[in-house]
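Peer 1: fold the following, please.
(2 chains)
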There are 2 protein chains.
Amino acid sequence: MEEEDSADPYLPYDGGGDAIPLQELSGRGSNYAMSNGGGGAGASSSTHLLDLLEEPIPGVGTYDDFHTIDWVREKCKDRERHRKINSKKKESAWEFTKSLYDAWSGWLVVTLTGLASGALAGVIDIVADWLNDLKEGVCLSAMWFNHEQCCWDSNETTFAERDKCPQWKTWAELILGQAEGPGSYIMNYFMFTFWALSFAFLAVSLVKVFAPYACGSGIPEIKTILSGFIIRGYLGKWTLMIKTITLVLAVASGLSLGKEGPLVHVACCCGNIFSYLFPKYSKNEAKKREVLSAASAAGVSVAFGAPIGGVLFSLEEVSYYFPLKTLWRSFFAALVAAFVLRSINPFGNSRLVLFYVEYHTPWYLFELFPFILLGVFGGLWGAFFIRANIAWCRRRKSTRFGKYPVLEVITVAAITAIVAFPNPYTRQNTSELIKELFTDCGPLESSQLCQYRSQMNGSQAYPAGSDAAATPGVYSAMWQLSLALVFKIIMTIFTFGLKVPSGLFIPSMAIGAIAGRIVGIAVEQLAYYHHDWFLFREWCEVGADCITPGLYAMVGAAACLGGVTRMTVSLVVIVFELTGGLEYIVPLMAAVMTSKWVGDAFGREGIYEAHIRLNGYPFLDAKEEFTHTTLAREVMRPWGNDPPLAVLTQDDMTLAELQNIISQTSCNGFPVIVSKESQRLVGFALRRDITIAIENARRKQEGIMLNSRVYFTQHAPTLPADSPRPLKLRSILDMSPFTVTDHTPMEIVVDIFRKLGLRQCLVTHNGRLLGIITKKDILRHMAQMANQDPESIMFN
Amino acid sequence: MEEEDSADPYLPYDGGGDAIPLQELSGRGSNYAMSNGGGGAGASSSTHLLDLLEEPIPGVGTYDDFHTIDWVREKCKDRERHRKINSKKKESAWEFTKSLYDAWSGWLVVTLTGLASGALAGVIDIVADWLNDLKEGVCLSAMWFNHEQCCWDSNETTFAERDKCPQWKTWAELILGQAEGPGSYIMNYFMFTFWALSFAFLAVSLVKVFAPYACGSGIPEIKTILSGFIIRGYLGKWTLMIKTITLVLAVASGLSLGKEGPLVHVACCCGNIFSYLFPKYSKNEAKKREVLSAASAAGVSVAFGAPIGGVLFSLEEVSYYFPLKTLWRSFFAALVAAFVLRSINPFGNSRLVLFYVEYHTPWYLFELFPFILLGVFGGLWGAFFIRANIAWCRRRKSTRFGKYPVLEVITVAAITAIVAFPNPYTRQNTSELIKELFTDCGPLESSQLCQYRSQMNGSQAYPAGSDAAATPGVYSAMWQLSLALVFKIIMTIFTFGLKVPSGLFIPSMAIGAIAGRIVGIAVEQLAYYHHDWFLFREWCEVGADCITPGLYAMVGAAACLGGVTRMTVSLVVIVFELTGGLEYIVPLMAAVMTSKWVGDAFGREGIYEAHIRLNGYPFLDAKEEFTHTTLAREVMRPWGNDPPLAVLTQDDMTLAELQNIISQTSCNGFPVIVSKESQRLVGFALRRDITIAIENARRKQEGIMLNSRVYFTQHAPTLPADSPRPLKLRSILDMSPFTVTDHTPMEIVVDIFRKLGLRQCLVTHNGRLLGIITKKDILRHMAQMANQDPESIMFN
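Peer 2: Numbers count the residues shown, from 1 in each chain, chains lettered A, B, ... in the order given. Below you'll find the model as predicted:
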């Protein structure tokens, strides 16, 4: 081409005035201590989509923080990489080894993730248990033993006394030297509150100082990230470290929160960090999200000891793009994690969770009625909780109150500790409470809940229910449970959303378990005293074990968890894996379905979707149906009085004109058309790619000046002889932009965006470019149609 | 419009010469006895995509037999219907009831499907069992009892003798009056063969005469149907009836086949038939496929007693479009079916399958080596089987041999029966064989496989392996098993593909179970005689039960099934549900993964994909990656020397020109452009819709003549005063056709087709129409790239 040898002297690029404000584009400029969770620099260029003849420009094809990824482009990049490795494979032994490494890296990264998640979960379980018991006392023989471990060597072998052993000293015994009396009670009370406050303070301070992303459950953000959003550092090593430490502290502080949701976040951090060992995953945002899907399955697997449930959770609740290969790898990661946790054996029962149960009696058809009632309760609780919690979180965001997170945590922790201590059901660890509520009353149970007449008489025969009349002990337990229920309900609303790691699964399950146990005992007593009612007469033999209150607790727990999260299959499978019996799936399903339907009647969002919306993340829910009849032309920009769409022409713009357009608009990309007259579409160029390409050209190519012609065509346009050297930008042009016609119903457009993972789509009419629809436009339109504030979308 | 009142007299439509050969379009014109499985006549029109102002034309929006559905259009139709019902909901109590019915019909239809599948599976199990025992003898006390039921009342209570009771007579006893001796052996041999041949003959005749679609396993066709293909009658009531009856006969005939695959087909028939009760499903091909996905989950659920495995099977193996709502409903259908089957209790063990097992010993790490060996065997078997079976099926199709299906079945049945009788392991029912091989040797086992020295000594203590030295009985059993293995391998190759219902799961599992048991016993004896080897020394205490040969049989069964079908997660979960222990998932995964990798090394297709390709169904596999670098312009038509693309212009064609184009081309649809000069795309019209609309206009509108102007625009073009009344076809114009640019890589195009379920896609360059890509073009291109014959795609 003749322009190549034009002898124009090199004029330094006059970029001062028109410098593109790159920093302004990057959303919130929050840069935390780490920068792991991002696209990585120098990613392999997406040459396939672009021009194959051009040299890749470094930086093209990466993303800014708080931007949406283009799934199609990422997958093309990955296939390109795969092809390159495959074609080189036969060249040498070294290349063959590299291709093998590449093929196995997927399995390797999920194995590592599973190992790390299992190990971390085990450590968290053990340390949280120890810290929790520290609130009550210490083990003199070995400081690092928790209460149970401390008493393992004890000679007290009767079960009722198994908690009391000389090695274990309460704080009152240690400080005051006496175990009983009001003084020692107050001493224990004080120490309990003191430790709770210390743990809570430590947790919130660590989070605030080192890793603000470590707070909350993390599941809303992980859902958003998996749907293709970039949040740098959310899954980085600092978040992992601080979240692990503060999770232990937060659980031990006795706040009404669980460790299950945060465990998913921890597992995803592990997955993200390990994916940096493998260029296949670190350099491709879409592939990385496959690892994260597997990691979230591993997280649930260790949280509940339910590998299959974990995979279904990942599939149903968090994942966006879930190919079958990911299903298989998620399953593997979940299993590895479960086996690591089992070999660590944090609970000393060779189970993965504290509340694994086995029931021995079947359920009867008439029991479906109370089960469905529990489902209704769960749905109501879910709807109430979501509204109340979102209202509180919104208030926290909008008022001055949110400025003092440490104070808030301390206050909540103090109230929790002070109110919780007097009631044995709130004082104990929530997991232990759930275990006690789930467990059937066997002859070995010393709990107040199991003080039936048969046991008080000393008849230790199984089943315990053979004389199922409750003693006053059971009634007082029920009162205490009712108080605990109210307490948990109130505290959970204020706890979820605090600036500490806080999961919602355990408090929800505890609330459901308490309600379920209460209902269960009520039905049991009804059956005992009215065994001649036709319902009970038909099924319950006198003197036989008929009602299992523990099962009610489990059904209630599932219903409440379902009401809050709106999970269905994965929830049933998780609880099924806890009981191990197909037998109890029907009650579970009945309750979970009822709960979902009742909850949906008050609002279709689960708590995670509600928090996503509260935080304004650009999340296009795959579950929600778009039911309106609008057309693409009503959603696209420009619309009405908007300024016309900023477009580039393929070969008659100068660099100055291009930079002018870029600096005057804020959109992330520009359609390229044949000419202003014909408006026929040629391609699409991303703002970030254009700026990078221009800077690159300024550095490497001589003769690029402000009046240089910019062209996107294959061959340079014919120019006057004295014009400066033109700039070819074809390599950054996406020549296969997605287009829809202006008559396309929005339901189809939304479908395309969801299924293909698009960032933007161009709108044409009879072949002419009309406008553009971006993911943000769709979310804004959906908010508008749902009578919500459209401006609430995107970054607060 | 002035054309409306033009006073031209009504001239009868001269359609004789230009009559559109509608029948020619409908692929194979095979019309079986029923016509249930199709779009149904008078489906609600896809008004939304089209012009909302027009009256819907009956028939527009339905499909011909052997055509591909348009998922996007179907889903739009369903949303439109949903909106209509929702908007009317508040008008009256009746409309509200209708909307409730509509909302619940999804649950209702899956419940009914589950009920019917469970009931049919129970009946099939019971009758097949009875017929199978009929080959050996009859129960004198009650003809309709099978061998086991007959002897339930017997006084023989020792376990070894539990099969022998006076009420049960073998044929020799009945006819010759003697139970022992060569004469009675020959008599039994003869009767066994006679019954086997009778059953086989009856089965193949019924299939041939009444429902040719009832043959085979049905899974390849169901996969194709679920991917969006129409095969009328494949899931109709005749197929259901004949398949149920002949399945029982085929299983009882002793052929090397199973009932598990056909059960999926039976369940899908139930789903399809019940969907006709609900217009929501009967009138929408996409919605109907949701029911079919749930039905296939129910089918696997009853086939293996594995509800969760069934859902995952549906997700992993057969389904194409699987929204979360379907996951939930599939789970429900699978559960309902399982519970119905359990209450029918066909095996008298309150289990869903014959071969439910519980193991009591753990596995040791060194056992992974034999497990992986079994995986290698499974993979090799799978690859060998697929090649051999496909080669045989291809020969059957291409030579005269395939013309005599009855003769072929009789021959195979005769060989099977004659060879099978002398060997006890092949004589018995394959399910029972699998059960025996899976079961651990307990003190109650009388089988030859369990004649260990400890048992021969009369020590009945558990575990049996306390003196695990095998006696000659075990060795002779191993010889017989080896012969059975060879026999099964050979017969299965020739059996799968016969014109009787034939599943592949049970024979594959049997082959794997035999191989696994042999390996298991070998390892067991090795461990017994060489217990001082460091491997065994570390894990196996002397005299303790160390190796479980039954577990090897199960692992082998999973590996062989995995090798043939290439299922992964669902297979592991199905076998996990058979054992009920998380413990054994790791051996299973190791074997299944090895088997898949070994099998994939020889060819990536599973048996179902191979049969789909053999039959030329247009199935676009979602699992297979498209890895080539071709662009859309290389695949689109017209290409090279092809005639130019047949296009319609939006307002300057006459009816005669339109009919001319339609009659001279065979494509299923035509792009509509602005004008021949500009080539800018307006929309897309389907051939079927155009012909229906023209016929409709001829019947209803006056003044339509051959030189009438046809227009697709909103307003009629201005015409000379004397021209006949124009015909408006805007209502059948799809104004939102999918387009890609000519530079789009084919990997993206394939992705779009898969994910959105398109039928065709138009190709443009700079806004101008260039060509079209249909699903067939893509399949043809993929075959070309894989060096296969591109013409093998589509209908043989």
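
Peer 1: domain map for chain A?
Peer 2: Per automatic domain parsing, the structural domains of chain A span A:107-131+A:215-344, A:366-399+A:406-612, A:632-792.

Peer 1: and these, which is most packed in?
Peer 2: Of all the domains of chain A, domain A:107-131+A:215-344 has the most neighbours on average by mean count of other Cβ atoms under 10 Å in any protein chain shown, namely a mean of 25. C-beta coordinates here come from the backbone N, C-alpha and C atoms, glycine included.

Peer 1: gap between the two ends of it?
Peer 2: Using Cα to Cα, to the nearest Å, one end of domain A:107-131+A:215-344 lies 23 Å from the other.

Peer 1: list the contacts for the residue of the stretch 351-500 of chain A found nearest chain B?
Peer 2: Chain B sits closest to residue A:352 of the stretch 351-500 of chain A, with a gap of 8.7 Å, by Cβ to the nearest Cβ. The contact partners of residue A:352, taken as Cβ atoms under 8 Å, 6 or more residues apart in numbering or on different chains, are A:302, A:304-306, A:338, A:341-342.

Peer 1: name the nearest residue to it, ignoring sequence neighbours.
Peer 2: Take residue A:352 and drop its neighbours on the chain: the residue closest to it by Cβ to Cβ, 6 or more residues apart in numbering or on different chains is residue A:305, 2.6 Å away.

Peer 1: right, and residue A:644 touches residue A:638 too?
Peer 2: Yes: with contact defined as Cβ atoms under 8 Å, residue A:644 reaches residue A:638; the gap is 5.7 Å.

Peer 1: show me what contacts the residue nearest the centre of chain A?
Peer 2: Central residue of chain A (Cα atoms, centre = their mean): residue A:219, 1.7 Å from the mean position. Contact analysis of residue A:219 by Cβ under 8 Å, 6+ apart lists A:261, A:264-265, A:317-318, A:608.

Peer 1: next one: it from chain B, what distance?
Peer 2: Per Cβ to the nearest Cβ, to the nearest Å, residue A:219 is found 17 Å from chain B.

Peer 1: just residue A:243 next, same as before
Peer 2: In terms of Cβ to the nearest Cβ, residue A:243 sits 28 Å off from chain B.

Peer 1: please apply the same query to residue A:579.
Peer 2: When distance is defined by Cβ to the nearest Cβ, residue A:579 is 12 Å away from chain B.

Peer 1: I'd assumed residue A:355 was in contact with that residue.
Peer 2: No: between residue A:579 and residue A:355 there is no contact, the gap being 10.0 Å when judged by Cβ under 8 Å.

Peer 1: ok, back up a step: which ones among the contacts of residue A:352 are found in helices?
Peer 2: A:302, A:304, A:338, A:341-342 (DSSP state H).

Peer 1: what about the stretch 1-150 of chain A, any weak spots by pLDDT?
Peer 2: Where the stretch 1-150 of chain A drops to pLDDT under 70, the residues are A:1-56.

Peer 1: try it again with 80
Peer 2: Scanning the stretch 1-150 of chain A for pLDDT under 80 picks out the ranges A:1-62, A:141-144, A:148-150.

Peer 1: show me which of the contacts of residue A:352 is closest to residue B:146.
Peer 2: residue A:306 (39.7 Å; Cβ to Cβ).

Peer 1: distance check, the residue nearest to the closest one when sequence neighbours are not counted against residue A:505.
Peer 2: Leaving out its chain neighbours, the residue that sits closest to residue A:306 by Cβ to Cβ, 6+ apart is residue A:577, at 3.8 Å. Distance, residue A:577 to residue A:505, by Cβ to Cβ, to the nearest Å: 14 Å.

Peer 1: same thing with residue A:99?
Peer 2: With Cβ to Cβ as the criterion, residue A:99 and residue A:505 are 42 Å apart.

Peer 1: point me to the helix or strand that includes the residue of chain A positioned farthest from its centre.
Peer 2: Distance from the C-alpha centroid of chain A, by Cα atoms, centre = their mean, peaks at residue A:721 (60.2 Å). Counting by DSSP states H and E, no helix or strand carries residue A:721.

Peer 1: for residue B:723, see how far away it is.
Peer 2: Distance of residue A:721 to residue B:723, computed by Cβ to Cβ: 57 Å.

Peer 1: just residue A:123 next, same as before
Peer 2: 86 Å.

Peer 1: remind me which residues of the stretch 401-550 of chain A are low pLDDT?
Peer 2: Short version for the stretch 401-550 of chain A, where the test is pLDDT under 80: A:401-402, A:441-473, A:530-546.

Peer 1: rerun that using 90 as the cut-off
Peer 2: Along the stretch 401-550 of chain A, segments meeting pLDDT under 90 span A:401-405, A:422-432, A:435-436, A:438-478, A:497-498, A:521, A:523-550.

Peer 1: next, the contact list for residue A:723, please.
Peer 2: Residue A:723 touches A:707-709, counting by Cβ under 8 Å, 6+ apart.

Peer 1: find me the pLDDT at it, would you?
Peer 2: What the model reports for residue A:723 is a pLDDT of 79.

Peer 1: look up phi and psi at it.
Peer 2: Dihedral pair for residue A:723: phi -70, psi 150, per degrees, to the nearest 10.
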